[in-house]
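1. predicted coordinates and the sequence they were generated for:
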Amino acid sequence: MSAPLLQLNDVTKSFGGIHALSAVTSGVPEGKIVGIIGPNGAGKTTLFNVITGAYRADSGVVRLNGTALNGLPPHRIAREGIARTFQNIRLFPSMTVWEHLLVAQPHGEAWWRRLLPVGWGDPAAQVRAEEVMEFFGLTGLRDRTARSLPYGLQRRVEMARGLTARPKLLLLDEPVAGMNHDEAEEVRQLMLKLRATGLTILLIEHDMNFVMRLCDYLYVLDFGVLIAEGAPSEVRTNPRVLDAYLGKDE
Amino acid sequence: MSTYYASLFAEAGILLLGALSVYIILATGQLSLGNAAFMAIGAYLSSYLTVELGMPVTPALIVSAIAAGIIGVIVGFPALRLKGIYLAMATLGFGEMMRSFFINFAAMGGSGGFHGMAHISVGYIWAWAGGILVVLILVERSRVWLEMQAVHDDETAAGLVGLNTVAIKVSAFGIGAAVAAISGGLFAHHHVYIEPANFGFERSIDFVLATILGGSTLGLGSLIGAILLVFLPEFLRPIADWRLAAFGTLLILVLLVRRQGIVDRTLLRGLAFRKAAS
């Protein structure tokens, strides 16, 4: 196997006496959908926060395509090619769908062009925004503000916003939380479509059925320690995983 | 135009720039209650340049704006660590600090004030105020403004979509300070006499009030706010001593009915729609 797109080596993070992550080593291969599962408080979101630079790891290295990300501010890590969504959706409430898709695009052009009205220049950014809107089925909602959209659509906008910057890796924190079966299935189809475009996805999810049917590979975290990994079918039958979820027989 | 109305228009132009200085900083989610300090810097520095060094007023204003902009950036850095009410308190402190500085600054007259500036016309004031407003209305439609709005709405999310939130917030402070300095330079050359008391807490509050009353989500709001704030008390003169109380009551009523201020995007869109329909 070639070197993975995202590589974590011995990543450790503590809050006071609590070891949120203990020497986590894992890799996310390019073009795959990888899931992180584990009971509540296992450190899954902490792991996302360390990868995206919201937290600084106490030790260990995070690499994207071989580039170490440790210590970079969040916006630089995003520009390296990582986009994310949040467990409790974080959009820009007063901004429209269209504005979300423009604002998240990297600045290729000269800085002064960014001061001009959007319509006066920068056709590439607008084409890209249209493209992403189309892909996520948001075209009809172009001028709706984020706060006026229902929950399921807000999740879509959040994913779309992340993708306008053409990231290499998309991190999704519970993408189908609070969704019914049909909505979750739509999201699953969307992700398969995204994988087909070559995007790599790392996701946290509690819905086991969803994870098992979607992911190519799984990591299982429990109290900050990776206790198992493998294809969904292997992880499903791993006794350590069953213990973590169901409790151990003493 | 009578001298009386001319001076009211001049005040409105000066207040408009002060209001815009607050608006620009507020657009990134930071409330400054100390912008009179930047106004004071602009007033004193431009006066020094024109009176003592004989510089024409336009370049003096530009130099003052740049100097105040740099100070604004310096103030913007500690401001990054503060949010909401705490930032408001800190900027208030900065405003009082600058006022005390000018009281003790004997080289520029101290508490006795400074004079000798050449008087400027209302037209000159509005050339600046109108020019800056038009530029701002264009910038409001740009990518940079969207980035500021994103930082205003959710700073963490803005960082994680690749926006340099530190640069955006600090630049807003710098630009806001520069605009306040222009306001101060125009004030100084309109009144041809300045003293530290001109740039106290009440001045900062007037700026914030004009922004919030007119509508804090659009530059146009500052224009409406500034005009109302200057002209309304004058139109209420028939009720003599009660006019400021009546003005205060009106202000509260407007804010109760329209918390977002008099104009906002929805209102503008509604107006445009009606025009298209008729």
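-> On my side now, so go ahead.
2. the helix or strand that contains A:Ser22: what's the following helix or strand?
-> Using DSSP states H and E, A:Ser22 sits within strand A:18-28. Per DSSP H and E, the first helix or strand lying C-terminal to strand A:18-28 is strand A:33-37.
3. neighbouring strands for that following strand, and are they parallel or not?
-> Pairing partners of strand A:33-37, with direction, according to DSSP bridges: strand A:200-204 (parallel), strand A:217-222 (parallel).
4. next, the angle strand A:18-28 makes with that strand.
-> Strand A:33-37 and strand A:18-28 meet at an angle of 160 degrees, taking axes from the mean of the first three to the mean of the last three CA atoms, to 10 degrees as the criterion.
5. quick one, longest helix in chain A?
-> helix A:181-196 (DSSP state H).
6. now do the buried residues in it.
-> A:Ala184, A:Val187, A:Arg188, A:Leu190, A:Met191, A:Leu194, A:Arg195 (16 or more other CB atoms under 10 Å in any protein chain shown). To be clear about C-beta, it is placed using only N, CA and C from the backbone, and glycine gets the same treatment.
7. can you check stretch A:10-25 too?
-> Buried, per 16+ other CB under 10 Å, within stretch A:10-25: A:Val11, A:Thr12, A:Lys13, A:His19, A:Ala20, A:Leu21, A:Ser22, A:Val24.
8. just to revisit the earlier point, tell me the mean pLDDT over the longest helix of chain A?
-> Average pLDDT, helix A:181-196: 91.
9. restrict it to CA atoms and write it as CSV.
-> The C-alpha coordinates for helix A:181-196 follow below in CSV (Å, rounded to 0.1, in the frame of the first residue of the first chain):
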residue,chain,number,x,y,z
HIS,A,181,-33.5,6.6,7.4
ASP,A,182,-34.3,8.1,4.0
GLU,A,183,-32.3,11.3,4.7
ALA,A,184,-29.4,9.2,5.8
GLU,A,185,-29.6,7.1,2.7
GLU,A,186,-29.4,10.3,0.6
VAL,A,187,-26.3,11.3,2.5
ARG,A,188,-24.8,7.9,1.9
GLN,A,189,-25.4,8.2,-1.9
LEU,A,190,-23.9,11.6,-1.9
MET,A,191,-20.7,10.3,-0.2
LEU,A,192,-20.4,7.4,-2.6
LYS,A,193,-20.6,10.0,-5.4
LEU,A,194,-17.9,12.1,-3.7
ARG,A,195,-15.6,9.1,-3.3
ALA,A,196,-16.1,8.5,-7.0
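10. helices or strands up against the lowest-mean-pLDDT helix or strand in chain A?
-> Here the helix or strand of chain A ranked lowest by mean pLDDT, DSSP states H and E is helix A:239-246, holding a mean of 80. Applying 3 or more CB pairs under 8 Å, 6 or more residues apart in numbering or on different chains; DSSP states H and E, one finds that helix A:239-246 contacts strand A:217-222, strand A:225-230.
11. what's around B:Ala40, how many residues?
-> 27 (other CB atoms under 10 Å in any protein chain shown).
12. can you say which helix or strand has it in it?
-> B:Ala40 belongs to helix B:35-47, assigned by DSSP H and E.
13. what does B:Gly131 give?
-> Counting by DSSP H and E, B:Gly131 is found in helix B:122-139.
14. report all helices and strands that that helix contacts.
-> Under the contact rule (3+ CB pairs under 8 Å, 6+ apart), helix B:122-139 is packed against helix B:3-26, helix B:165-191, helix B:219-235.
15. could you rerun that using 6 Å?
-> helix B:3-26, helix B:219-235 (3 or more CB pairs under 6 Å, 6 or more residues apart in numbering or on different chains; DSSP states H and E).
16. got the angle for the longest helix of chain A vs strand A:200-204?
-> Using the same axes, to 10 degrees: helix A:181-196 against strand A:200-204 is 150 degrees.
17. ok, and what's touching stretch B:32-49?
-> B:21-22, B:25, B:55, B:60-61, B:64, B:67-68, B:88, B:91-92, B:94-95, B:98, B:102, B:108, B:114, B:117, B:177, B:180-181, B:183-185, B:187-188, B:194, B:199, B:203-204, B:207 (CB atoms under 6 Å, 6 or more residues apart in numbering or on different chains).
18. please go through those and note which also touch chain A.
-> Filtering the contacts of stretch B:32-49 for proximity to chain A by CB under 6 Å from any CB of the partner chain leaves nothing.
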